[in-house]
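Undergrad: Generate coordinates for the sequence data below:
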Amino acid sequence: MLIYIWTRDDETGLLDDEFKDGDVKAVKADTDPIGGLEPKSSLIVKVPDPPNYAKVEVDIQKTDYAAGATPQDAHVVRRKRAYRLDWRSYFTADEIAIIEDGNQALPDGELESGGSVTNGIVENKFVFTDLRRK
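TA: Numbers count the residues shown, from 1 in each chain. This next block holds a predicted model:
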C-alpha cells in the first residue's frame, strides 16, 4: 500500500476543509504507476498491506464531517482527512528540508534516519499503525 502524505506546514490548512500537514492525501496500490512529479509534491510511504485492505483504503481517505448547527443544516467538514502521519518525527532536519522543498524528491538509497528510498517512495520505515486518527 502506498500512502501519500500532505507535507506543507505553511499558511495553508487553516480552514477545516483544507489539507493540513501530515494528512493522508491519497492511497494507491503498490502496483499503481507513480508520476514523475508525485514524489516532489507529496511524501509517498510504502506500508505492508493491512489484512482488510479494501476497507482501510476507503476509510483513511474519508473526509470527517460534523452535524450542522440545526437538523436542517447540511453537514460541515470537520477535517479534510480523519487520519494523519506525524512524519516529521521520523526524519532528520536535512531530510525534512528536501521533503518540504517541493522541487526535489528524496534521493534513492538509505535514509540517515532509517529506511530507504526507491524511485521516490520511502520503504521499510512505516507500518500502518503509525497513522493516527485526529
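
Undergrad: Please name the residues that touch residue 46.
TA: Applying C-beta atoms under 8 Å, 6 or more residues apart in numbering, one finds that residue 46 lies in contact with 1-3, 30, 121-123, 126. Where C-beta positions appear, they are placed from N, C-alpha and C, glycine not excepted.

Undergrad: in stretch 50-63, what counts as buried?
TA: 56-57, 60-61 (16 or more other C-beta atoms under 10 Å).

Undergrad: whoops, stretch 30-50 was the one
TA: Per 16+ other C-beta under 10 Å, stretch 30-50 contains these buried residues: 38-47.

Undergrad: about what we covered before: now secondary structure, distance to residue 98 and pLDDT too, for the buried residues of stretch 50-63, in JSON lines please.
TA: Shown next, in JSON lines, are the buried residues of stretch 50-63 (DSSP: H, G, I helix; E, B strand; the rest coil; distance: C-beta to C-beta, whole Å; pLDDT from 0 to 100):
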{"residue": "56", "secondary structure": "helix", "distance to residue 98": "28", "pLDDT": "86"}
{"residue": "57", "secondary structure": "helix", "distance to residue 98": "28", "pLDDT": "86"}
{"residue": "60", "secondary structure": "coil", "distance to residue 98": "25", "pLDDT": "84"}
{"residue": "61", "secondary structure": "coil", "distance to residue 98": "26", "pLDDT": "81"}
